[in-house]
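Participant: Coordinates for the following, if possible.
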Amino acid sequence: MGKLNVLSDFQEKYGLIASSETKCDRFAKIVLRLLNETFLVQDKRQDQDDYYVATGSYKAVLEDFFRFLDISFLVDREKRLCYIRGDNERNRLRLKKLETVVLLILRSLAYKGDRKIASYNSVIVTVEEILKKLNETEIYPDGVGMTDFKNALTTLKRYKVIDFQEDPSKGETPIVIYNSVLILVDSSSLAELEDRLSKYIGGSEDEETNESEAN
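Facilitator: Residues are numbered from 1 along each chain as shown. Sure thing, here's the model as predicted:
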């Protein structure tokens with residue numbers, strides 16, 4: 001579909017909400033959240049209202065708006081999230097080495113079937129479990145500084161991979177893993193994840209990676 005046709009479709013659908021300033025403000029809020037945060041996660045309490053609106057009455061107009069920008073607006077109801085993805089991969093998520101290693105560890109932990117399940121079926125692990133798995137990889141034989149580790153978790157929280165409310169330097173602190181990790185890290189098996197992790201042994205800490213698949 002050409003850009004003019006997309007714009008025409010958007011104008012027609014946006015016209016249905018343009019008569020309400022409240023609806024226009026809500027549309028703008030959702031667009032800005034998606035551009036800044038990529039994901040809206042049904043499992044995340046602060047996202048729920050916007051998630052339901054974005055995947056319901058605003059879905060078609062959001063699709064047309066983002067299509068005009070060469071961005072896909074995607075809804076995955078099974079994983080209970082919606083997100084945007086640049087069609088030309090211009091805004092892929094770039095992470096530093098430790099952030100990527102932790103992301104891959106979270107993806108492997110999400111494979112486990114013996115997890116406690118949070119509300120809405122998000123996976124819960126602890127900081128201690130993440131650090132234990134990190135040590136097992138032998139990527140950091142001398143360990144990692146707690147400040148660097150906390151910064152990595154904070155970055156992944158900002159990208160809505162995880163959430164936590166307590167001090168992430170404490171081993172018992174629960175970490176909620178959202179289903180966005182399944183989008184960011186495409187994986188077919190635990191063995192395949194282990195192989196990907198092994199490739200980071202000995203790499204530079206300052207290197208950036210395109211390990212994640214989403215934007």
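Participant: Could you pick out the longest helix of this protein?
Facilitator: helix 21-37 (DSSP state H).
Participant: what about that helix, distance to the chain center?
Facilitator: Counting by Cα atoms, centre = their mean, to the nearest Å, helix 21-37 is centred 18 Å from the centre of its parent chain.
Participant: Burial check on N135, number of neighbours?
Facilitator: Per other Cβ atoms under 10 Å, the neighbour tally for N135 reads 13. Quick note: C-beta positions are derived from backbone N, CA and C, even for glycine.
Participant: pLDDT averaged over stretch 103-110, what's the number?
Facilitator: Here stretch 103-110 scores 93 as its mean pLDDT.
Participant: what's the answer for stretch 122-139, then?
Facilitator: Mean pLDDT, stretch 122-139: 93.
Participant: now stretch 17-34
Facilitator: Computed over stretch 17-34, the average pLDDT equals 91.
Participant: which element follows the lowest-mean-pLDDT helix or strand in the chain toward the C-terminus?
Facilitator: Using mean pLDDT, DSSP states H and E, strand 116-117 stands out as the lowest-scoring helix or strand of the chain, at a mean of 44. Once the chain leaves strand 116-117, the next helix or strand it forms, by DSSP states H and E, is strand 123-126.
Participant: For this protein, just list every one of the strands.
Facilitator: With DSSP state E, the ranges of strands along the chain come out as 39-41, 71-76, 81-86, 95-96, 116-117, 123-126, 162-163, 174-177, 208-209.
Participant: Now render the ones you listed as TSV, adding distance to D195 and mean neighbour count.
Facilitator: Output for the strands of the chain, formatted as TSV (distance: least, Cβ to Cβ, whole Å; neighbours: other Cβ atoms under 10 Å):
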stretch	distance to D195	mean neighbour count
strand 39-41	27	25
strand 71-76	26	18
strand 81-86	25	21
strand 95-96	18	19
strand 116-117	28	9
strand 123-126	21	19
strand 162-163	23	22
strand 174-177	21	20
strand 208-209	15	14
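Participant: Same list, those, but as TSV with distance to V31 please.
Facilitator: Shown next, in TSV, are the strands of the chain (distance: least, Cβ to Cβ, whole Å):
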stretch	distance to V31
strand 39-41	11
strand 71-76	10
strand 81-86	9
strand 95-96	25
strand 116-117	32
strand 123-126	29
strand 162-163	23
strand 174-177	26
strand 208-209	27
